[in-house]
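# with the sequence up front, the predicted model follows.
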Amino acid sequence: MIFKPILLSCFATLTLALFSQNNNQAVLSRGLLTSLDTTNPNDHGEAIFENPKNHASAVASILVYSANQAGFRPRERGILDRTETFENYIRKAIDFPGFTKAYTEYEPLELTGDVQQFEQEVIKKYSSNINKKEEIARALTGLLNSLNKVDLGTKKKFQSQKDWLLTLTVINKPVNYYVTVTDVINVSLSLLMDTKTNTFRLNRQHATLVVVRFATNPEFLNQFAKQISSKIPTVKVQEALTTLSTGGLKNYNYVCSSINNNDNNGNDSNGWKIQGPESLTGTWD
């Protein structure tokens, strides 16, 4: 039988508790790849989940499927005015039985109101031995910069919005690693609208950084590749990054320097039911 680790459920609970402190945050989202995409562009379907070299695409497919099932569609809907669908997306992704080793990291950020200081604070507090901290920090400040380039109508819609969630879904397939790692990086902070200049600005505040990390279980993906591919449509990594990014943001020109745009039985807590090697069904549909 295949069971989700108890530790994983504990971290999922902690994650949701942290995210749910304020459901009325507006959400800015970005999908990123911070490694080479080693996926064979000629592979699709079952082969995407079988071969670990294709697992950046496998992860991308699972994340997009999770987002769609949760109703998290930032590309279509633009800036979201609540975090509910985002939280559901993270819950569904974490509860996928082919992901393991999840943990949640919580760090306070002391912000002075200066964007460059915000970037340096993220570099100091974000811990990762695979993602470049500077690139992650620039991606977050890139979201802030893009917010000030939206059309005037969108600015007026959110001019009274003070609470914001900046979120990155970061996929990384480390060189010579058997697993593919995903970091969902979130910063909860306040922004104020300057009505004279129609720009959002940081102020001095206590913000929070939350990182949810999970990795692929290559053996599981390989063993159940046929069943998973019959349920989850495969997508290319770049397509997934676009799907997970807020639509309507202009001049978002941050690009990771290392990106390559090549094209048993059991149940888990989110309703996935594994019925042996011949079928994979679930309640996400």
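Yep, it's here.

# any idea which helix or strand carries residue 166?
Assessed by DSSP states H and E, residue 166 sits inside strand 163-172.

# what comes up buried for that strand?
164, 165, 166, 167, 168, 169, 170, 171, 172 (16 or more other C-beta atoms under 10 Å). C-betas here are computed from N, CA, C, even on glycine.

# okay, it in PDB with CA atoms only?
Extracted C-alpha coordinates of strand 163-172, given in PDB (Å, rounded to 0.1, in the frame of the first residue of the first chain):
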ATOM      1  CA  ASP A 163      -2.800  43.500   1.800                       C
ATOM      2  CA  TRP A 164      -1.000  41.700  -0.900                       C
ATOM      3  CA  LEU A 165       0.500  38.200  -1.500                       C
ATOM      4  CA  LEU A 166       3.500  37.900  -3.900                       C
ATOM      5  CA  THR A 167       3.900  34.300  -4.900                       C
ATOM      6  CA  LEU A 168       6.400  32.400  -7.100                       C
ATOM      7  CA  THR A 169       6.100  28.800  -8.200                       C
ATOM      8  CA  VAL A 170       9.600  27.800  -8.900                       C
ATOM      9  CA  ILE A 171      10.600  24.500 -10.600                       C
ATOM     10  CA  ASN A 172      14.200  23.300 -10.500                       C
END
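
# find the centremost residue of this structure, please.
When C-alpha atoms, centre = their mean is applied to the chain, the residue found nearest the centroid is residue 169 (2.4 Å).

# give me the beta-bridge partners of that residue?
residue 31, residue 184 (DSSP bridges).

# assess the claim that it and residue 31 are in contact.
Yes - counting by C-beta atoms under 8 Å, residue 169 touches residue 31, with 4.9 Å between them.

# give me the common contacts of the two.
63, 244 (C-beta atoms under 8 Å, 6 or more residues apart in numbering).

# what sits against the nearest residue to residue 84 once chain neighbours are set aside?
Excluding its sequence neighbours, the residue lying closest to residue 84 (C-beta to C-beta, 6 or more residues apart in numbering) is residue 23, at 6.0 Å. Applying C-beta under 8 Å, 6+ apart to residue 23 gives the contacts 82, 83, 84, 87.
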